[in-house]
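> Quick one: sequence plus predicted model below, questions after.
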Amino acid sequence: MAAYPPALKYTKDHEWIDLTGESGKVGITDYAQQQLGDVVYVELPEVGAKLKQGQSFGTIESVKAVSELYSPVTGEVTAVNNDLKDKPETVNKDPHGSWMIVIKLTNASETGGLLDATQYQDLVK
Amino acid sequence: MEQATAAPLKKTPLNARHRASGAKMVPFGGWDMPVEYSGITAEHMAVRERAGLFDVSHMGEIEIAGKDALAAVQRISSNDASKLQIGQAQYSGLMTPQGTFVDDLLVYRLAPEHFLLVVNAGNIEKDYAYIADQIKPAGDAVAVDASSRYALLAIQGPRAADILQPLTGVNLADIKYYWFAHGEVANIRATISRTGYTGEDGFEVFVPPQSADRVWQALLESGKSYGVIPCGLGARDTLRLEAGMRLHGNDIDDTTTAVEADLNWIVGWKKADFIGAGTLRQQKADGPTRRIVGFEVAERGIARHGYDVYVRGGAAPSGVVTSGTQTPYLKKAIGMAYLPIAQTATGTEFEIDIRGRRTRATVVPMPFYKRAK
């Protein structure tokens, strides 16, 4: 079992968010990449896209399955990691370092409902 | 092949080995099977470049024996079994009277009046019941479901012969493609068949179930210096797709005929009567209204089993993707689909609905991948 960085917050849908001030980088967890298997395709939104908490912001595909990506918080996409389009396998190698989007939060209180590393580890163990 | 069933999953003799080795296990055709060990990509590439070892003991074995065994096989199997010499195998179909697939299978001629049919795991009971019933008019022949008497291991890849040869006295160079020989592997009684479902050179080894783990371990040990790794059903599926091999339950089933599936070569057109012969001959003469094609997705996106396909600009779907993924060796999104016959020429563009987005795809020849000889 991989370590879940304590600095990150997690969702029950297996995304993480790395909060800095009013923004956060979003990716998927080690558990999620293990369940998916070899990632071959990541489809991400445009900068400027407005997302609600729990809304799909893209899709991730492995050889054998497709999965939706869900936003941990409400906000606006301010950056997209286009490197993942060419190197989707990075998500398998470094799931907690492979951010997909940066989202600027419009409702900071939503983060109170996210899981911490210990709670997430309990969820997936 | 997904089946909703309350029955407990069946286990191959290697089940404990898979679990102890940390394989990811999934239900498949009523069996608890490894879908991947180290990852589909790594396993797929190992088979293309070196070798991979698969447990395919879930496959069914049905034997037909008796004075009229050949007539019995000729009646239920689409291909012409009279062409088989002792020690030779052929790919064939088990057909309905409509010329559609109850299953696809390999037919092995063990002796002049003794055949072995290898069928798909999820279809064993259905096939056996159908065969036992349908061979009755053929005369003196009996069918036996011998599945529990065999474990089946597949060693596949360009180094397969190098790995298997030190474990057997059988000279593998003497076994041609789609031939088999009896002997021993790791001092275990075995039937060695030069067949597979990967598009590579390789062998399928039938052994008694109680000895499967010993042979499995021996092959991994012998293959260590060649870089052999254990592989699961995930890589088996991507390998067979690149090789253009049909999967029963996806690409062929009881709604698709051998002609539509572009498998005319597994029909013994010169044979006397067999189940489905009338319909197939008629369809071959008239020409089918649809046919399976291989395709590549021309834009970004991956087409998967069940996605609707459209002729360009078409309002209503004209078929579905029967198999599709992005494959590890070719690194392209490829697949198979049935299209109206006018749309099946190589180079024809059509559209696939990938989760609400019409995506262009192009008809390409199969197999997608062919190994260098």
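Looks like it arrived, so ask away.
> Show me which residues of chain B are close to chain A?
Residues of chain B found near chain A (Cβ under 8 Å from any Cβ of the partner chain) are B:24, B:35-36, B:39-41, B:234, B:237-238, B:300-302, B:304, B:325-328, B:355. For every residue, glycine as well, the C-beta is placed using N, CA and C.
> what packs against the helix or strand harbouring B:Glu221?
Take DSSP states H and E as the rule and B:Glu221 turns out to sit in helix B:212-223. Here helix B:212-223 touches helix B:15-20, strand B:52-55, strand B:151-156, helix B:160-164, strand B:180-185, strand B:188-193, going by 3 or more Cβ pairs under 8 Å, 6 or more residues apart in numbering or on different chains; DSSP states H and E.
> Between strand B:180-185 and that helix, find me the angle.
On the basis of axes from the mean of the first three to the mean of the last three Cα atoms, to 10 degrees, helix B:212-223 is oriented at 90 degrees to strand B:180-185.
> contacts for helix B:212-223?
B:12-14, B:16-17, B:51, B:53, B:55, B:57, B:151, B:153, B:155, B:159, B:163-164, B:166-167, B:185-186, B:188, B:190, B:205, B:207, B:228, B:230 (Cβ atoms under 8 Å, 6 or more residues apart in numbering or on different chains).
> Could you pull up the mean pLDDT of it?
The pLDDT scores in helix B:212-223 average 98.
> Could you verify my assumption that B:Val267 touches B:Tyr91?
No. With contact defined as Cβ atoms under 8 Å, B:Val267 does not reach B:Tyr91; the gap is 11.1 Å.
> of the two, who's got more company?
Neighbours were counted for B:Val267 and for B:Tyr91 using other Cβ atoms under 10 Å in any protein chain shown; B:Val267 has more, 24 against 17.
> which residues touch residue 64?
This is for chain A. Contacts of A:Lys64 (Cβ under 8 Å, 6+ apart): A:Gly37, B:Val35, B:Ile40, B:Gly234, B:Asp237, B:Thr325.
> wait, chain B
B:Ala72, B:Val73, B:His114, B:Phe115, B:Leu117, B:Ile131, B:Ile135, B:Ala141, B:Val142, B:Ala143, B:Val144.
> pretty sure the third one contacts B:Lys67?
No. Counting by Cβ under 8 Å, B:His114 stays clear of B:Lys67, with 10.8 Å between them.
> the more surrounded of the two?
Between B:His114 and B:Lys67, counted using other Cβ under 10 Å, B:His114 has the larger neighbour count: 16 against 12.
> Show me what the more buried one bridges to in the sheet.
B:His114 has these beta-bridge partners by DSSP bridges: B:Ala65, B:Ala111.
> Look at it and report its pLDDT.
pLDDT, B:His114: 98.
> what ranges do the helices span in chain A?
A:30-36, A:83-86, A:90-93, A:117-124 (DSSP state H).
> can you put these in a markdown table and add distance to B:Ile275 and mean pLDDT?
Listed next are the helices of chain A as a markdown table, based on distance: least, Cβ to Cβ, whole Å; pLDDT from 0 to 100:
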| stretch | distance to B:Ile275 | mean pLDDT |
| --- | --- | --- |
| helix A:30-36 | 43 | 95 |
| helix A:83-86 | 51 | 93 |
| helix A:90-93 | 47 | 96 |
| helix A:117-124 | 51 | 95 |
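> Kindly reformat these as TSV containing distance to chain B and mean neighbour count.
Output for the helices of chain A, formatted as TSV (distance: least, Cβ to the nearest Cβ, whole Å; neighbours: other Cβ atoms under 10 Å in any protein chain shown):
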stretch	distance to chain B	mean neighbour count
helix A:30-36	9	19
helix A:83-86	8	14
helix A:90-93	8	18
helix A:117-124	15	15
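> between these, which gets nearest to A:Lys12?
helix A:117-124 (6.6 Å; Cβ to Cβ).
> Contacts only, for residue 63.
No chain in the question, so chain A it is. By Cβ under 8 Å, 6+ apart, the contact set of A:Val63 is A:Gly37, A:Asp38, A:Val40, B:Ile40, B:Thr41, B:Gly234, B:Thr238, B:Thr325, B:Gln326, B:Thr327, B:Pro328.
> Chain B is the one I meant
B:Glu63 makes contact with B:Leu110, B:His114, B:Phe115, B:Leu116, B:Leu117, B:Ala143, B:Val144, B:Ala146 under the criterion Cβ under 8 Å, 6+ apart.
> Out of the residues you listed, give me the two with the largest separation.
B:Leu110 and B:Ala143 (13.8 Å).
> Those two: which has the busier surroundings?
B:Ala143 (26 against 18).
> Do I have it right that the more buried one meets B:Ile135?
Yes. The criterion here is Cβ under 8 Å, and B:Ala143 meets it with B:Ile135 at 5.9 Å.
> Mind listing the shared neighbours of the two?
Common contacts of B:Ala143 and B:Ile135 (Cβ under 8 Å, 6+ apart): B:Ile64, B:Ala72.
> where do the strands sit along the stretch 151-300 of chain B?
Along the stretch 151-300 of chain B, counting by DSSP state E, counting those that start in this stretch, strands occupy B:151-156, B:180-185, B:188-193, B:202-207, B:229-231, B:290-297.
> tell me what the third one is packed against?
What that stands for is strand B:188-193. Counting contacts by 3+ Cβ pairs under 8 Å, 6+ apart, strand B:188-193 is packed against strand B:180-185, strand B:202-207, helix B:212-223.
> Report the buried residues of the last one.
The reference is to helix B:212-223. By 16 or more other Cβ atoms under 10 Å in any protein chain shown, the buried positions in helix B:212-223 come out as B:Ala212, B:Asp213, B:Val215, B:Trp216, B:Ala218, B:Leu219, B:Leu220, B:Ser222, B:Gly223.
> and the gap between B:Thr255 and B:Thr322?
Distance, B:Thr255 to B:Thr322, by Cβ to Cβ, to the nearest Å: 11 Å.
> Which one's more surrounded, those two?
B:Thr322 (23 against 11).
> Can you tell me the element that one falls in?
strand B:319-326.
> Give the partner strands of that strand in its sheet and their orientations.
Paired neighbours of strand B:319-326 in the sheet (DSSP bridges): strand B:308-311 (antiparallel), strand B:333-340 (antiparallel).
> For B:Leu53, list each beta-bridge partner.
Beta-bridge pairing of B:Leu53 under DSSP bridges involves B:Ile155, B:Pro230.
> That one and B:Tyr226 touch, don't they?
No. Contact criterion Cβ under 8 Å: B:Leu53 and B:Tyr226 do not qualify, at 11.0 Å.
> Of the buried residues of helix B:212-223, just say which sits nearest to A:Ile103.
Distances from A:Ile103 to the buried residues of helix B:212-223, taken as Cβ to Cβ, are shortest for B:Leu220 (46.9 Å).
> Up against chain B, what does chain A have?
A:37-38, A:40-41, A:43, A:59, A:61-64, A:66, A:89, A:92.
> Please pick the buried ones from these.
Buried, going by 16+ other Cβ under 10 Å: A:Gly37, A:Asp38, A:Val40, A:Tyr41, A:Glu43, A:Thr59, A:Glu61, A:Ser62, A:Val63, A:Lys64, A:Glu89, A:Asn92, out of the residues of chain A next to chain B.
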